[in-house]
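A.B. asks: sequence unavailable; structure follows:
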């Protein structure tokens, strides 16, 4: 197999890596050129400017993330769950035959309300590859957190939570913004208080007002308020999850956020394994290897 | 007793009524001069400009709402629950002795997390007076919805829900804003779907992402999305409430919002009684009558 150029093209950033045929990372690049920041919608131009020097000698490029959405380079329709690397590689959307392809996202249409992901499925396949797992519960914290169940190498179902986005709205644009220091570092005790409060069954709409009331009574400082609110939201997200019998949860994402989820999961005695950006490259490698000739 | 000038001075608006000593409304006024819009913080000047011609012949004025907060005209410290009109009238904050007073708000510090209200307590006392009730469950929908329990003429405890504010943030500023028509009229079927979905236990952070996913799959139009989201949030707020044995709930507020709560409460077989702005004037009348000489 020729060299793989692995690209994660999301809403706000564009990241790429050059991998040899064992999956070893030979180089990485990133730019603030997410799909919402592509001048004149010229995806081909941005791609060539960023990666032309890597696309030599028969190298192939797989692109995951929002670049494959309706607002992206081209639409790669969702593949329905259950799906593994094999299902994705058989439904690549080729921009240039055998040179550049968009990896489709996944849909879960098994319940009353559908769900979708784009990019996270590749990170999950990557973590499976890196951890040597064919089964497990995978969490990808973020603006829209994903919880996915993997069985025998395939994602069988998943759910999205607007945790990060709701945190940003409440911390930055609600009445809570007046008495909350959003730039304060994590206060672990306040965060744990928030997680515990979320478990008491009062509901998120009530608990969030509690941030203001606790502040009015001097029982939560502006710095503590930010961590407490974060704990309320992450605790709410975790509250609805059934942990596997093994107690193991795989958390994939940026280290600061992963650390918060590990803290909250620790309160439920979960065993947490974590992965970062390397999961994306490994996942695209899995999709490339499954590719039918 | 002399004539009462009843004023509700909130965050975004200033409303007043002139009442005779039977409580009959002789005239009403309002201006967009909420406490955040008082030029140079000159509360006395705004008050005199709006109401000087009413403040004659020994008339007295009681002011409820955020004018009594730290950011208002002067701070009237919270009175702790349980409290009725008597407790409020004995702790008025006089701006001018026997002429103009701020009515304090209430605090509920009985649980782990405190709660507060300013202005809604007066509306509750007014609805009690108008309905001839000394016991009941009272709901005041809004930016920050309040649920209060009344026993023997006193508010014994209450809880706040950030329902209206979270709706505004999600409908106007989240990813949902792209595919939601916030100006569409209420679609009752979509609203009921949202209320029902909220009762299925998936949690608000997941259910709100469902608005986007249902839209992507063409199962919710932009107009339906707004009503469905409203149903999700109001349903979430209602989900945590224990209804009284009588099944009766008193809802106080603007008619369009009250109608949504009546719909959602109807799905739980509650008997709903509703009150509007008249509750404020009746409540201030109750506080005035309890006033010790």
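C.D. replies: Cool, got the structure. Computed from a prediction, not measured in an experiment: that's the story for all the values here.

A.B. asks: going forward, measure contacts and count neighbours with C-alpha atoms only.
C.D. replies: Fine.

A.B. asks: need the residues of chain A near chain B, please.
C.D. replies: Neighbours of chain B within chain A, by C-alpha under 8 Å from any C-alpha of the partner chain: A:113-116, A:159-163, A:165-166, A:169-170, A:173-174, A:201-210, A:213-214, A:217, A:236-237, A:240.

A.B. asks: among those residues, which ones are in helices?
C.D. replies: A:163, A:165-166, A:169-170, A:173, A:204-210, A:213-214, A:236-237 (DSSP state H).

A.B. asks: what count of nearby residues applies to residue A:209?
C.D. replies: 23 (other C-alpha atoms under 10 Å in any protein chain shown).

A.B. asks: that one is in contact with residue B:162, isn't it?
C.D. replies: Yes. Using C-alpha atoms under 8 Å, residue A:209 makes contact with residue B:162 at a distance of 6.1 Å.

A.B. asks: one step back: show the buried residues in the residues of chain A next to chain B.
C.D. replies: Neighbour-count burial (16 or more other C-alpha atoms under 10 Å in any protein chain shown) applied to the residues of chain A next to chain B gives A:113-116, A:159-163, A:165-166, A:169-170, A:202-210, A:213-214, A:236-237.

A.B. asks: which other helices and strands contact the host helix or strand of residue A:272?
C.D. replies: Using DSSP states H and E, residue A:272 sits within strand A:271-275. If contacts are counted by 3 or more C-alpha pairs under 8 Å, 6 or more residues apart in numbering or on different chains; DSSP states H and E, strand A:271-275 sits against strand A:248-252, helix A:255-266.

A.B. asks: single out the most deeply packed of these.
C.D. replies: strand A:248-252 (a mean of 23; mean count of other C-alpha atoms under 10 Å in any protein chain shown).

A.B. asks: just how off-centre is the strand holding residue A:272 within its chain?
C.D. replies: Computed by C-alpha atoms, centre = their mean, to the nearest Å, the separation of strand A:271-275 from the middle of its chain amounts to 14 Å.

A.B. asks: the most far-flung residue of chain A relative to its centre: what's it in contact with?
C.D. replies: In chain A, the residue that sits farthest from the middle, by C-alpha atoms, centre = their mean, is residue A:217; the gap is 37.1 Å. Going by C-alpha atoms under 8 Å, 6 or more residues apart in numbering or on different chains, residue A:217 touches residue B:114.

A.B. asks: ramachandran coordinates for it?
C.D. replies: Backbone dihedrals for residue A:217, given as degrees, to the nearest 10, come out at phi -90, psi 10.

A.B. asks: host element of residue A:269?
C.D. replies: Under the assignment given by DSSP H and E, residue A:269 is not contained in any helix or strand.

A.B. asks: how many residues are close by the closest residue to it other than its chain neighbours?
C.D. replies: Distances taken as C-alpha to C-alpha, 6 or more residues apart in numbering or on different chains put residue A:247 closest to residue A:269, at 7.4 Å, once the chain neighbours are dropped. Number of residues near residue A:247 (other C-alpha under 10 Å) recorded here: 15.

A.B. asks: for residue A:247, phi and psi?
C.D. replies: Torsion angles, degrees, to the nearest 10, at residue A:247: phi 80, psi 0.

A.B. asks: next one: it from residue A:146, what distance?
C.D. replies: Using C-alpha to C-alpha, to the nearest Å, we find residue A:247 at a distance of 18 Å from residue A:146.

A.B. asks: also residue A:58?
C.D. replies: Distance from residue A:58 to residue A:146, by C-alpha to C-alpha: 35 Å.

A.B. asks: thanks again, I'm all set now.
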